[in-house]
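>>> for reference, the sequence and a predicted model appear below.
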Amino acid sequence: MLTDKALVIAAQLNLDLVKIAPNANPPVCRIVDYGKYCFEQSKREREAKKKQKVVEIKEIRLSMGIDTGDLLTKAKNANKFLKAGNKVKVVVRFRGREMAHMKMGEVLLKRFAGECLEFGSQEGGFKTEGRSMLMFLVAKR
């Protein structure tokens, strides 16, 4: 339909001619009440926003001298975070002479990841930033 003809029909019905898909060939238009159309559009966007889940990053800090019981407690907390659908950032801090034993930090992180295998998996490898080594755990789908 020609644009002029569509505008005349819209004027007769006291409605507006709205371009729905302006990039299409030919452009797609609709005769609607523009105020109502905008309201429904914003309502759809609000509903979509309600349904989306924002993934938080929870951080768990470990030290080289951590005992088995403490490690299991922290792993239990990490599993709780992973169940909720969040990412977990596990950080091992090195102090003083511990910097010479970075491999032990990797072993500790691997052990921690093994405790969390039921609910999550490791994303990427280990990263070293200054005096700390970190890894990320992601919830299983």
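Cool, got the structure.
>>> so the residue sitting nearest the centre point of the chain, which state does it fall into?
With distances taken as Cα atoms, centre = their mean, the chain has residue 55 as the residue nearest its mean C-alpha position (3.9 Å). Put simply, residue 55 is coil when judged by DSSP: H, G, I helix; E, B strand; the rest coil.
>>> OK, contacts around it?
Shown in contact with residue 55 (Cβ atoms under 8 Å, 6 or more residues apart in numbering): 85-87. Every C-beta, even on glycine, is put in place using the N, C-alpha and C of the backbone.
>>> buried ones among the residues you listed?
Burial by neighbour count, 16 or more other Cβ atoms under 10 Å: within these this picks out 86-87.
>>> can you tell me which of the contacts of residue 55 lies nearest to residue 41?
Proximity of the contacts of residue 55 to residue 41 (Cβ to Cβ) peaks at residue 85, which lies at 28.9 Å.
>>> number of residues surrounding the residue nearest to the closest one when sequence neighbours are not counted?
Spatial nearest neighbour of residue 85, chain neighbours left out: residue 139 (5.2 Å); criterion: Cβ to Cβ, 6 or more residues apart in numbering. A count of nearby residues for residue 139, using other Cβ atoms under 10 Å, gives 18.
>>> sounds good, over and out.
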